[in-house]
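Asks: Fold the following and give me the result.
(chains A and B)
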Protein chains: 2
Amino acid sequence: MSEVLIVGSVALDTVETPFGRVGRALGGAATYAATAASFFTGVRMVGVVGEDFPEEHLDFLRSRGVDLRGLERVPGKTFHWSGRYVGDLSQAETLATDLNVFADFNPTLPEAYRDTEYVFLANIDPELQRNVLRQVRAPRWTACDTMNFWIAGKRAALLELLEQVHLVLLNDAEARQLTGESDLGRAAQQILQGGPQAVVIKKGAHGAALYTEQPGESFPRWFSVPSYPVPVVRDPTGAGDSFAGGLMGYLAATEDLSEPNLRRAVVYGSVLASFNIEDFSLNRQRTLTREEIEERYEGFRRITAF
Amino acid sequence: MSEVLIVGSVALDTVETPFGRVGRALGGAATYAATAASFFTGVRMVGVVGEDFPEEHLDFLRSRGVDLRGLERVPGKTFHWSGRYVGDLSQAETLATDLNVFADFNPTLPEAYRDTEYVFLANIDPELQRNVLRQVRAPRWTACDTMNFWIAGKRAALLELLEQVHLVLLNDAEARQLTGESDLGRAAQQILQGGPQAVVIKKGAHGAALYTEQPGESFPRWFSVPSYPVPVVRDPTGAGDSFAGGLMGYLAATEDLSEPNLRRAVVYGSVLASFNIEDFSLNRQRTLTREEIEERYEGFRRITAF
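Replies: This is a model prediction of the structure:
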């Protein structure tokens, strides 16, 4: 059982969907990922919040056993994202991005964090992701996320980062943007050639695919998992980060980096993402239990077995 | 081991994709479905061709053991479809549809066909689909396909047909168009309420989903299968009909209509569709063997098992 280090944004989100609206609710990539991972193992979180960040959110993260020594509180306001989903909720329309204290985010890891072996670098500037990674003494498994903004604007830094991580998670549009390949299998193959041992392509309602390079095999090994048919998707915000956190938490807990265990980790990631979208912010996670997670993991087996 | 009756278009197709072009090649929904089904069981085919239909195509179908007593040859030209695929080949652009002899298609089943228990009504006017179905004495399992044109233009006839079939196959856009539901699970649920016991929603590169109504269960049972990662998709024409033919051929061969066997049938349908798109027209099927089919069926297990 190993712990996992999670670095990324902590935010207050204002989100509107056909099912309602929340104002300045708990959000941020690191928050979603840390909470998801906390169902499997101990989590060390790195981020920054402003003076306005409600103490109750810190209490929630503490109640999930998240180590907050790496979460700085500085003068100013917390990162605020405002967005809206319409129609089938497949795409967010950003209404406002107020970086606030997050604009100067360039974390120094607490000494106690530097021996963590499992590291998730949530979506931030790839130069910052590399700065963080340099501070980790002997990472055993590093994963990173990214976004269209960095693929377009910090491509060189991102490609250098990919040489240093074991797993990259990105969505289908990002995989196509990064590689210029419309076919996701070929996109994944190209990404694997750039360094990582594994690629997860997240496809929203169409599930996720894992591609891994295997010694002695000329094609990547491929694993596909559908999305779970939750009765009502209320708010997709944080699904990708919940996925990554669940995946990394499970990997760190099991300390097994074999391809079959990576598959299980991808399913656990899908489980956490599926719970996350059932309610706004991290509301579903407040009552979620490990038993519910195991039940839905078996549910994934039921909808895919033949 | 039961036989399967397949009714639909037989065509000469002119198709262009980024990988090449074929002119007046063998095509048509019934042709693709019959060929796919013929790998599992005996097939009785109903269709119409004109005087220009090459004898070699009939020889091919005969070589696959397809019973052609229901295939009429009449004065005039064979149905000709011309289309083009660009980009990721996910959508065909129709350049020409010359119905020719197919315009007057209204088949009378040969007496020897009327006892067939497994029936696939490929995409034609739903009124014709019902006319055919009326001529089958005691169908045990009837499946139908349809398309946007009939959903918009012959909605009432289509809904009546759906009351009489066991399985409907349609693609994601058609499922949404038919029901007005953007969520495919809810769309499937609504379709099941209209009559069929099972719905298959085909999602192209995103695979397929099977929804079945189960006595005593308030939600449909759900099964998801991804598409197979073929190295190069050369021509997607006929994928949906190959899927339906493979599914129906396997069901008729096994005569097992349980939900677990429907899942296996959906995977065999996916297998046949995946081979079909590897080459133009039915070219891949000319060399395809049952051993290759079984191998790829196991391949589906490898990419989905966890």
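
Asks: which parts of chain A sit against chain B?
Replies: Counting by C-beta under 8 Å from any C-beta of the partner chain, chain A comes close to chain B at A:87-88, A:182-183, A:185, A:203, A:206-207, A:209, A:222-226, A:229, A:233, A:260, A:263-264, A:266-267, A:300-301, A:303-306. For every residue, glycine as well, the C-beta is placed using N, CA and C.

Asks: are any of those buried, and which?
Replies: Neighbour-count burial within the residues of chain A next to chain B applies to A:88, A:183, A:185, A:203, A:206-207, A:209, A:222-226, A:229, A:233, A:263-264, A:266-267, A:300, A:303-304, A:306; the criterion is 16 or more other C-beta atoms under 10 Å in any protein chain shown.

Asks: for the stretch 201-306 of chain A, what spans make up the strands?
Replies: Per DSSP state E, counting those that start in this stretch, the stretch 201-306 of chain A carries strands over the ranges A:208-212, A:221-225.

Asks: just the angle between the first one and strand A:221-225, please?
Replies: Meaning strand A:208-212. Orientation note: strand A:208-212 sits at an angle of 160 degrees relative to strand A:221-225 (axes from the mean of the first three to the mean of the last three C-alpha atoms, to 10 degrees).

Asks: got the contact list for strand A:208-212?
Replies: A:184-185, A:188-189, A:192, A:197-203, A:220-225, A:227, A:243, A:259, A:262-263, A:266, A:269-270, B:226 (C-beta atoms under 8 Å, 6 or more residues apart in numbering or on different chains).

Asks: about what we covered before: just the ones in helices from the residues of chain A next to chain B, please.
Replies: Mapping the residues of chain A next to chain B onto helices (DSSP state H) picks out A:185, A:260, A:263-264, A:266-267, A:300-301, A:303-304.

Asks: From the residues you listed, pick the one nearest A:Met147.
Replies: Taking C-beta to C-beta as the measure, A:Met147 sits nearest to A:Val266 out of those, at 20.2 Å.

Asks: what are the phi and psi angles of A:Thr35?
Replies: phi -60, psi -40 (degrees, to the nearest 10).

Asks: Just the pLDDT at it, thanks.
Replies: Note on A:Thr35: pLDDT of 98.

Asks: ok, now which ones touch it?
Replies: Counting by C-beta under 8 Å, 6+ apart, A:Thr35 makes contact with A:61, A:64, A:66, A:242, A:245, A:282, A:285.

Asks: give me that answer again for 6 Å
Replies: Each residue near A:Thr35 by C-beta atoms under 6 Å, 6 or more residues apart in numbering or on different chains is listed here: A:64, A:282, A:285.

Asks: quick one: average confidence on stretch A:256-276?
Replies: 98.

Asks: go on, stretch A:101-115?
Replies: Mean pLDDT, computed over stretch A:101-115, is 96.

Asks: End to end on that stretch, go ahead and measure it.
Replies: Start-to-end span of stretch A:101-115 (C-alpha to C-alpha, to the nearest Å) is 27 Å.

Asks: Look up how far A:Ala252 lies from the closest residue to A:Asn123 other than its chain neighbours.
Replies: Leaving out its chain neighbours, the residue that sits closest to A:Asn123 by C-beta to C-beta, 6 or more residues apart in numbering or on different chains is A:Asp145, at 4.5 Å. Between A:Asp145 and A:Ala252 the computed distance is 16 Å (C-beta to C-beta, to the nearest Å).
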